[in-house]
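# A predicted structure for the sequence below; I have some questions about it.
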Amino acid sequence: EPEVTQTPSHQVTQMGQEVILRCVPISNHLYFYWYRQILGQKVEFLVSFYNNEISEKSEIFDDQFSVERPDGSNFTLKIRSTKLEDSAMYFCASGWISGGATDTQYFGPGTRLTVL
Amino acid sequence: RKEVEQDPGPFNVPEGATVAFNCTYSNSASQSFFWYRQDCRKEPKLLMSVYSSGNEDGRFTAQLNRASQYISLLIRDSKLSDSATYLCVVNQGGAQKLVFGQGTRLTINP
């Protein structure tokens, strides 16, 4: 069964450093997403991406965040200058529109980001 | 008001019991409804979509009441492997963002 993959599984960084989280969505999916989950809290939407551009973003997704699909298979989330409060699990998800049917989003295993 | 609200639990029940989860959502424009399960420090995994007519998948039954903006999940004959956090999730249809509830933690005891 196809699945979303993410690397690395755990990233430790110093405050102020840049990090790039990587995802390989399911190959025939058209929509890509990043969510995050701070420990003990709910899963929160960050951004959705379709046709090489952002289709929606949340208040959390400020100028420090960016997304890219550099080569047609990878989907990346960059945080330019990490803050302590960016420590969280970051989930990539992918999905597709199936002509009127309910869309389903499939999640990768997540990258645990720890900012020190 | 929270967009998606669930009883945070935790629920601790013996194996074989029936467990019910409830959820309410505030956005009347919501079109699609789901239950996901999340094991500790793992990703959310789709358990089932929820349809207006109600739907069943083995021991799991989901119901939707659009008028009351209420979603439920029933687990019959619970197994130890059902122990997880159950997430109520909605979206406005299609490829739009998923909005998650806080989740209800369930522990099935032998």
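That came in fine, so what should we check first?

# how far away is the nearest residue to A:Gly16 once chain neighbours are set aside from A:Thr13?
Closest residue in space to A:Gly16, ignoring its immediate chain neighbours: A:Ser81 at 5.3 Å, by Cβ to Cβ, 6 or more residues apart in numbering or on different chains. C-beta here means a position set from N, CA and C on the backbone, and glycine is covered the same way. Distance of A:Ser81 to A:Thr13, computed by Cβ to Cβ, to the nearest Å: 10 Å.

# Settle it for me: which of these two has more neighbours?
A:Thr13 (16 against 12; other Cβ atoms under 10 Å in any protein chain shown).

# Looking at strand pairing, list the partners for that one.
Judged by DSSP bridges, the bridge partners of A:Thr13 are A:Val115.

# and it, how far is that from chain B?
As judged by Cβ to the nearest Cβ, to the nearest Å, A:Thr13 and chain B stand 19 Å apart.

# Now do the contacts for that residue.
Listed by Cβ atoms under 8 Å, 6 or more residues apart in numbering or on different chains, the contact partners of A:Thr13 are A:19, A:82, A:113-116.

# any idea of the pLDDT on B:Ala29?
Listed pLDDT for B:Ala29 reads 88.

# re earlier: assumed the residue nearest to A:Gly16 was part of a helix.
No. Using DSSP: H, G, I helix; E, B strand; the rest coil, the assignment for A:Ser81 is coil, not a helix.

# Tally up the residues packed near A:Gln41, please.
Counted with other Cβ under 10 Å, A:Gln41 comes out at 12.

# For the nearest residue to it once chain neighbours are set aside, give me the pLDDT.
Nearest non-adjacent residue to A:Gln41, counting by Cβ to Cβ, 6+ apart: B:Gln102, 7.7 Å away. In this prediction, B:Gln102 carries a pLDDT score of 95.

# who's in contact with B:Gln102?
Residues near B:Gln102 by Cβ under 8 Å, 6+ apart: A:41-42, B:2, B:5-6, B:8.

# That one and A:Val47, how far apart?
Taken as Cβ to Cβ, the span from B:Gln102 to A:Val47 is 21 Å.

# again, but for B:Asp77
According to Cβ to Cβ, B:Asp77 stands 40 Å off from A:Val47.

# Tell me which of those two has more neighbours.
A:Val47 (20 against 11).

# burial of B:Ser52, as a residue count?
Using other Cβ under 10 Å, B:Ser52 is surrounded by 10 other residues.

# Do you know the pLDDT at the closest residue in space to it that isn't next to it in sequence?
Nearest in space to B:Ser52, with sequence neighbours left out and distances taken as Cβ to Cβ, 6+ apart, is B:Leu64 at 5.4 Å. Predicted confidence (pLDDT) for B:Leu64: 96.

# contacting residues for A:Ser48?
A:31-33, A:54-57, B:95-97.

# near chain B, which residues of chain A?
A:30-31, A:33, A:35, A:41-45, A:48, A:50, A:55-56, A:58, A:89, A:91, A:93, A:95-97, A:102-110, A:112 (Cβ under 8 Å from any Cβ of the partner chain).

# Among those residues, name the buried ones.
Buried residues within the residues of chain A next to chain B, defined by neighbour count using 16 or more other Cβ atoms under 10 Å in any protein chain shown: A:31, A:33, A:35, A:42-45, A:48, A:50, A:58, A:89, A:91, A:93, A:95-96, A:103, A:105-110, A:112.
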